[in-house]
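*Asks:* Structure for the following, please:
(2 chains)
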Amino acid sequence: MRSLWRGALSFGLIHIPVRLYSAVHTHELKFKMLHKKDLSEIRYARICKADGKEIPWSDIVKGYELEKGDYVILTEEDFEKASLKKSKTIEIFEFTHQDEIDTMYYDTPYYLEPEKGAEKAYALLRESLAQSNKVAVANFVFHHREHLGVIKPHESLLVFNTLRYQSEVVNPKELNIKALKLPKQEVDVALQLIEELTKPFVPKNYADTYVEEVKALIKRKSKGQKTHVKKAEAPSPKIHDIMSLLKESLQESKKKKKRKSA
Amino acid sequence: MKLTHLDKLYWPEDRITKGDLLKYYSNISKTILLYLKNRPLVMRRFPDGIEGENFVQKEVGDHVPTLVKTTVVAHHDKKTRYMMVQNTQSLLYAANLGSIELHPFNSRFNALDFPDYMALDLDPVSLSFDKVVEVAQGIHEILDEIGIPQYCKTSGARGLHIYIPLHAKYDYQQIKDFGFLLANLVHQKIPQLTSLERSPSKREKKVYIDYLQNREGQTLVAAYSARGRPHATVSTPLVWDEVKVGLDPTQFTIDTIPDRLERKGDLFKPILGKGIDLKKSLNMIQKME
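*Replies:* Residues are numbered from 1 along each chain as shown, chains lettered A, B, ... in the order given. As a prediction, the model looks like this:
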């Protein structure tokens, strides 16, 4: 695994050098867009809306639309000025009970690994968090943006889980859901039902069946469908190869039938 | 069949009407039919003249008059009904639809996989026509050296087309591969003038040799077809002596071509004649390397 960042956890006088690794990966299937007719690859182009011509990156600037048609242009330098310097530390500023933080706020998890010599301090922090059932609230700068997150124990590791800022969470007030008075009896029945269906959560019991099915479909199709594999038109086939291919095909072609259209 | 809106201005700046176009096609029909007959046709239609909207039509559906012959071509899963121009009547029918430009298949409907000729399309994009002329002359010399006959016509737009007769002896895959070899050979001999880059931005002021026109379903504008461009230019066959710096392709128009045909005859006839021997040509190319 490749680390994304090297630095240190720090709070008070304590300083624990760590590396940061991605703790999740998506397994979405990637598809290429092809031209139906001859299966050439399709590319994106940036087209000027005024004259329909393709514009090279060198002629493109970024504009923020103040109001319709009125733009402020920002340059690379402007963005650099606004962005924060990479920091070398994940700065812990408080500890809190794990239950204090609603799961709505949890964003992306990263694994933390102690650097050589920092194993003991790392284990100590992990152990004390686990025993107190607390998490450390911290921030650090990554990709020019400041991230808020928590450090929490996970098995024998520490995980840094970024948190969403309050401003990123949509206010649900617009949904207008009223609190209702409920008969005790009905609540009791519902509670009983829940109790009966309560089990430990085992992540491996659930799989993304859509991805599995599409993969199986691709496997089946790749067996029967050799005809759609593109011939020759590699970016630059060797002249030599084409020459011998062509000579070979001339040997064979004498027997070929002629196809007619209807 | 009724011809309609004959006084509609198709080339407003040149004061040329739809009637003039129909008259041109009717005039030269015997000659152009050689290059259209039995070939699925792609029409580029300009129903409001060259300054109006234009579109490319392949599928003709079931609505063509019975006198117009059609043919169904299957390509992958798709079937397309193309029209074929078999006689003067169907030529005028197409022209009456506003089809200034006629783009036939390289192969005939009864031997779809076997093109009658291969074409190298020299497209200058933003370069001068003289540059294309230089490249065409370079190709002319090289092909003469290999012993491959080749015939040149203006595209009627900015470029030149070079045709090589095949007599429907080889299939598209073979001819595309052969086109690739020729294009590379030419590029090796005159790299300062030519490019094999499909992307215009990477061509660096060089002429693109497009050999990829030699695929099934690809079409190139027919010899003697008019173009939807200023002055009603025509894709015009040339003798090699005419292909020289200073040649002005806009002198060949629906106004001047009938006279020229009378004086010079049909210079393009050999592309439908005796085809090259591909094996011999390959051996020659190998010797040259």
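
*Asks:* how about B:L22, what does it touch?
*Replies:* With contact set as CB atoms under 8 Å, 6 or more residues apart in numbering or on different chains, B:L22 has these partners: B:L3, B:L6, B:L92, B:A95, B:N96. Every C-beta, even on glycine, is put in place using the N, C-alpha and C of the backbone.

*Asks:* Drop anything exposed from those.
*Replies:* Listed as buried from these are B:L92, B:A95, B:N96; burial here means 16 or more other CB atoms under 10 Å in any protein chain shown.

*Asks:* Correct me if wrong: the last one contacts B:T4.
*Replies:* By that I understand B:N96. Yes: counting by CB atoms under 8 Å, a contact exists between B:N96 and B:T4, whose distance comes to 6.4 Å.

*Asks:* Which positions in the stretch 51-200 of chain B make contact with chain A?
*Replies:* With CB under 8 Å from any CB of the partner chain as the criterion, the stretch 51-200 of chain B comes near chain A at residues B:71-76, B:109-114, B:170-171, B:173-174, B:176-178, B:180-181, B:184.

*Asks:* In the stretch 101-250 of chain A, what residue comes closest to chain B?
*Replies:* A:L246 (4.6 Å; CB to the nearest CB).

*Asks:* just the stretch 51-200 of chain A next, same as before
*Replies:* Evaluated by CB to the nearest CB, the stretch 51-200 of chain A has A:P56 as its residue closest to chain B, separated by 7.2 Å.

*Asks:* For that residue, which non-adjacent residue is spatially closest?
*Replies:* Residue nearest to A:P56 in three dimensions, not counting chain neighbours: B:S201, with 7.2 Å by CB to CB, 6 or more residues apart in numbering or on different chains.

*Asks:* And B:D210, by the same measure?
*Replies:* Closest residue in space to B:D210, ignoring its immediate chain neighbours: B:D121 at 4.0 Å, by CB to CB, 6+ apart.

*Asks:* just A:K247 next, same as before
*Replies:* B:L282 (6.1 Å).

*Asks:* same deal with B:D62?
*Replies:* Here the residue nearest B:D62, using CB to CB, 6+ apart, is B:R81, at 7.6 Å.

*Asks:* Contact partners for the one you found?
*Replies:* The neighbours of B:R81, taking CB under 8 Å, 6+ apart as the test, are B:E59, B:V60, B:G61, B:D62, B:T70, B:T71, B:V72.

*Asks:* ok, of the residues you listed, which come out buried?
*Replies:* Buried positions within the contacts of B:R81, assessed by neighbour count (16+ other CB under 10 Å), are B:V60, B:T70, B:T71.

*Asks:* ranges for the strands of chain B?
*Replies:* For chain B, the strands defined by DSSP state E cover B:9-11, B:16-17, B:41-45, B:55-57, B:70-75, B:78-83, B:99-104, B:117-123, B:151-154, B:160-165, B:194-195, B:207-210, B:237-238.

*Asks:* Mean pLDDT added to these, as a markdown table?
*Replies:* Shown next, in a markdown table, are the strands of chain B (pLDDT from 0 to 100):
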| stretch | mean pLDDT |
| --- | --- |
| strand B:9-11 | 95 |
| strand B:16-17 | 95 |
| strand B:41-45 | 96 |
| strand B:55-57 | 93 |
| strand B:70-75 | 90 |
| strand B:78-83 | 91 |
| strand B:99-104 | 97 |
| strand B:117-123 | 91 |
| strand B:151-154 | 97 |
| strand B:160-165 | 96 |
| strand B:194-195 | 84 |
| strand B:207-210 | 84 |
| strand B:237-238 | 98 |
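
*Asks:* thinking again about what came up before, what's around the residue of the stretch 51-200 of chain A closest to chain B, how many residues?
*Replies:* A:P56 has 8 neighbours, counted by other CB atoms under 10 Å in any protein chain shown.

*Asks:* Repeat that for B:S155.
*Replies:* If we define neighbours as other CB under 10 Å, then B:S155 has 21 of them.

*Asks:* Contacts only, for it.
*Replies:* B:D121, B:D123, B:H161, B:V221, B:R227, B:S235, B:P249.

*Asks:* Most neighbours of all the residues you listed, which one?
*Replies:* Greatest neighbour count in those, by other CB under 10 Å, goes to B:S235: 28 neighbours.

*Asks:* quick one: average pLDDT of stretch A:102-112?
*Replies:* What stretch A:102-112 shows for mean pLDDT is 94.

*Asks:* Output that stretch as CSV, nothing but the C-alphas.
*Replies:* Written as CSV, here are the backbone C-alpha positions of stretch A:102-112 (Å, rounded to 0.1, in the frame of the first residue of the first chain):
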residue,chain,number,x,y,z
ASP,A,102,-23.7,11.8,14.7
THR,A,103,-22.8,9.4,11.9
MET,A,104,-24.0,12.0,9.4
TYR,A,105,-20.8,13.8,10.0
TYR,A,106,-18.5,10.9,9.2
ASP,A,107,-16.8,11.2,5.8
THR,A,108,-13.7,9.3,4.6
PRO,A,109,-11.6,7.0,6.8
TYR,A,110,-7.8,6.7,6.6
TYR,A,111,-5.5,4.2,8.4
LEU,A,112,-2.7,5.6,10.5
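
*Asks:* List the buried residues of it.
*Replies:* Neighbour-count burial for stretch A:102-112, with 16+ other CB under 10 Å as criterion, is recorded at A:Y105, A:P109, A:Y110, A:Y111, A:L112.

*Asks:* Could you say which helix or strand holds the last one?
*Replies:* So that's A:L112. Secondary structure here is read from DSSP states H and E; on that basis A:L112 sits in strand A:106-114.

*Asks:* How many neighbouring residues does residue 220 have?
*Replies:* I went with chain A, as the question did not name one. Taking other CB under 10 Å as the neighbour definition, A:R220 ends up with a count of 10.

*Asks:* ah, I was thinking of chain B
*Replies:* By other CB under 10 Å, 22 other residues sit near B:L220.

*Asks:* quick one: it and A:Y106, what's the gap?
*Replies:* Note on B:L220: its distance to A:Y106, by CB to CB, to the nearest Å, is 61 Å.

*Asks:* Wait, B:T194 touches B:E134, no?
*Replies:* No: here B:T194 does not reach B:E134: they are 9.7 Å apart, not a contact under CB under 8 Å.

*Asks:* So for these two, which sits in the more crowded spot?
*Replies:* More neighbours surround B:T194 than the other of B:T194 and B:E134, with 24 against 20 (other CB under 10 Å).

*Asks:* Could you list which residues are in contact with that one?
*Replies:* Residues touching B:T194, when contacts are defined by CB under 8 Å, 6+ apart, comprise B:V135, B:G138, B:V186, B:H187, B:K206, B:V207, B:Y208, B:I209.

*Asks:* per-residue confidence at the third one?
*Replies:* With respect to pLDDT, B:V186 has a value of 87.

*Asks:* how about it, what does it touch?
*Replies:* Contact criterion CB under 8 Å, 6+ apart gives B:V135, B:G138, B:I139, B:I142, B:T194, B:I209 as the residues in contact with B:V186.

*Asks:* swap in the last one?
*Replies:* Contacts for B:I209 (CB under 8 Å, 6+ apart) come out as B:L120, B:D121, B:L122, B:V135, B:I139, B:A183, B:V186, B:H187, B:T194, B:S195, B:L196.

*Asks:* who's the closest residue to the fourth one other than its chain neighbours bridged to?
*Replies:* Once its chain neighbours are removed from consideration, B:V135 has its nearest residue in B:V207; the separation is 4.4 Å (CB to CB, 6+ apart). For B:V207, the residues forming beta bridges with it (DSSP bridges) are B:T194.

*Asks:* Next one: B:V207 from B:S126, what distance?
*Replies:* For B:V207, the distance to B:S126 (CB to CB) stands at 11 Å.
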